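# generate a structure from the sequence data that follows.
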Amino acid sequence: PKAAAPEPPQPTADALNGREATIRTGSRPKGVVTVFNCHFLLGAAWAGKEVRVLHDHRTIAFYDEEGTEILSHPRPPRGTRFVPRSGLKRPAPDQPSTDS
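Sure, this is the predicted structure:
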């Protein structure tokens, strides 16, 4: 019989710091992870690989199996369907718009 797979490392209590954690697998050839009905592009290197997602009401961050941060963004507004690797190109809600 095969030995049980070792448990992957878990984020430390300091990393969690009141944030919720979920585990997702990058899908599609481009490494897209879906959280909150929003697709986040991590990159082709993450296609088919397991990533951990830590989130709170302000931020969302993605970590590899060793706990190294891959990417983090401000949490997108409700209704956002896709976030590119570079993040959203609009000011945060508490910042005034620079459009004239």
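# for this protein, what spans make up the helices?
With DSSP state H applied, the chain shows helices at 13-16, listed in chain order.
# where does it dip in pLDDT?
Counting by pLDDT under 70, the chain contains low-confidence residues at 1-21, 23, 26-28, 89-100.
# all strands for it, in order.
When assigned using DSSP state E, the strands of the chain occupy the ranges 20-25, 32-35, 38-41, 50-55, 59-63, 69-74, 82-83.
# residues making contact with the last one?
Going back to what we said before, that points to strand 82-83. With contacts defined as C-beta atoms under 8 Å, 6 or more residues apart in numbering, strand 82-83 is touched by 38-41, 73, 76. All C-beta atoms are positioned from the backbone trio N, CA, C, and that covers glycine.
# let's have the strands of the chain in a markdown table, adding mean neighbour count.
Rendered in a markdown table, the data for the strands of the chain read as follows (neighbours: other C-beta atoms under 10 Å):
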| stretch | mean neighbour count |
| --- | --- |
| strand 20-25 | 13 |
| strand 32-35 | 19 |
| strand 38-41 | 20 |
| strand 50-55 | 19 |
| strand 59-63 | 19 |
| strand 69-74 | 16 |
| strand 82-83 | 16 |
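# my guess is Phe40 contacts Phe62, does it?
Yes: shown here, Phe40 and Phe62 form a contact pair, counting by C-beta atoms under 8 Å, at 7.1 Å.
# give me the common contacts of the two.
Here Phe40 and Phe62 have 33, 71 as joint contacts, going by C-beta under 8 Å, 6+ apart.
# thanks again, I'm all set now.
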